[in-house]
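Asks: Please find the sequence and the predicted model below.
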Amino acid sequence: MHDDMKKNIQDAIRRMARDKHAIILAHNYQPPEIQDIADLCGDSLELSIRAAQTDARIIIFCGVRFMAETAAILSPDKTVLLPKADAGCPMADTINPEALTEWIRKHPGMPVVTYVNSTAAVKALTTVCCTSANAVKVVNSLAEDEILMGPDRNLAAFAAAHTTKTIHPWDGCCPFHDALTPADVLAQRQRHPNALFLAHPECRTEVLDLADIITSTSGMLRVAGESEYTAFIIGTEVGLLYPLQKANPDKIFYPASEALECRDMKKITLEDVAESLEHLTGKVKVPEDIRVPALKSVERMIAIR
Ligand code: 13P
Ligand code: SF4
């Protein structure tokens with residue numbers, strides 16, 4: 001899109017958001033032109049907390065469906081909009097309520113920790129949710145010694161390595177993070193020997209074993225800002241390179257792999273946001289019989305932080 005056109009549509013969106021008392025939340029992986037119009041860019045935890053706290057009438061969520069659903073779970077009286085209906089998360093789709101119910105039945109007495117990258121119906125069957133930023137804290141907050149954790153087997157393995165509890169993982173993963181290999185990382189390390197390697201806990205254990213720091217997307221933004229290092233290899237979705245570079249113009253960021261790109265996170269366009277805000281299309285509603293139990297597991301997580 002031509003720069004003038006982009007600026008016009010961005011200005012129109014900001015005006016509409018102000019006039020309609022809407023807040024624009026965007027995940028750190030969203031395209032640059034979307035991040036630039038957001039009231040808040042953040043990781044899943046920060047966005048959930050903000051969605052719970054805002055007094056805006058409309059929340060327009062630039063991310064994927066589970067994130068908008070979490071906002072709708074927390075704020076049933078607000079209008080929550082997802083500008084592109086089919087922006088989903090393949091990892092969230094690896095578990096459904098029927099399969100989870102069966103898993104729980106086979107492991108009586110075990111609490112369920114569910115990554116927020118899951119549907120509202122799965123959250124409704126969950127003891128407590130977690131994000132990549134607080135998974136270990138959430139696991140350690142439970143009294144039980146054996147825990148079911150899903151849907152990400154890599155996040156579960158990461159949590160298991162940082163707790164004395166026994167974790168039974170669901171066999172799901174993010175297809176993009178899971179595809180990052182130690183060979184990819186070692187090749188980048190060889191090219192950039194002075195760079196610090198930051199990895200997201202959705203990566204495989206053998207990749208995490210090579211990491212200098214393992215953290216969420218906003219954790220990476222904090223580390224990059226505070227670190228004395230000036231070069232970083234980024235082991236997460238490539239969309240994070242934009243806010244990293246914007247906040248740290250004197251530092252340099254290399255993707256661990258160019259292939260680490262989530263197609264769903266790139267679906268929303270400025271035109272989609274404008275259309276959704278103008279006509280209130282893309283409403284996300286969670287039925288009360290699912291929302292009320294799902295709220296418990298999300299609120300329990302937010303209370304732990
Ligand atoms: P964060 O919670 O770290 O932002 O990650 C969300 C996500 O979808 C990672 O793939
Ligand atoms: Fe889901 Fe992976 Fe995309 Fe995150 S990056 S939204 S986990 S598919």
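Replies: Noted; the coordinates are in hand. Ligands and ions are numbered 1, 2, ... in the order given.
Asks: Specify which residues of the stretch 101-250 of the chain, grouped into ranges, have pLDDT under the cut-off.
Replies: Filtered on pLDDT under 70, the stretch 101-250 of the chain yields no residues whatsoever.
Asks: Show me which residues of it are close to ligand 2?
Replies: Applying C-beta under 6 Å from any ligand atom, we find that the stretch 101-250 of the chain lies next to ligand 2 at Asn117, Cys174, Phe176, His177, Glu202, Glu237. Glycine gets a C-beta too; all of them are placed from N, C-alpha and C.
Asks: Can you tell me which of those has the most neighbours?
Replies: Asn117 (29 neighbours; other C-beta atoms under 10 Å).
Asks: can you redo the residues of the stretch 101-250 of the chain next to ligand 2 as TSV with distance to ligand 1 and secondary structure?
Replies: Output for these, formatted as TSV (distance: C-beta to the nearest ligand atom, whole Å; DSSP: H, G, I helix; E, B strand; the rest coil):
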residue	distance to ligand 1	secondary structure
Asn117	5	coil
Cys174	5	coil
Phe176	7	coil
His177	6	coil
Glu202	5	coil
Glu237	6	coil
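Asks: Looking at those residues, spot the one nearest Ala195.
Replies: Distance to Ala195 across those (C-beta to C-beta) is lowest for Glu237, with 18.0 Å.
Asks: shouldn't the closest one be in contact with Ala259?
Replies: No - counting by C-beta atoms under 8 Å, Glu237 does not reach Ala259; the two are 10.6 Å apart.
Asks: Quick check: neighbours shared by these two?
Replies: Shared contacts of Glu237 and Ala259 (C-beta atoms under 8 Å, 6 or more residues apart in numbering): Phe176.
Asks: Can you tell me which residue is spatially central in this protein?
Replies: Ser44 (4.0 Å; C-alpha atoms, centre = their mean).
Asks: wait, doesn't that one sit right on Ala133?
Replies: Yes - the pair Ser44 / Ala133 is scored as a contact, 7.4 Å apart, by C-beta under 8 Å.
Asks: which neighbours do the two share?
Replies: Common neighbours of Ser44 and Ala133 (criterion: C-beta under 8 Å, 6+ apart): Ser216.
Asks: For the closest residue to ligand 2 within the stretch 1-150 of the chain, give me its contacts.
Replies: Closest approach between the stretch 1-150 of the chain and ligand 2, counting by C-beta to the nearest ligand atom: Cys89, at 3.3 Å. By C-beta under 8 Å, 6+ apart, the residues touching Cys89 are Val64, Arg65, Phe66, Asn117, Cys174, Asp264.
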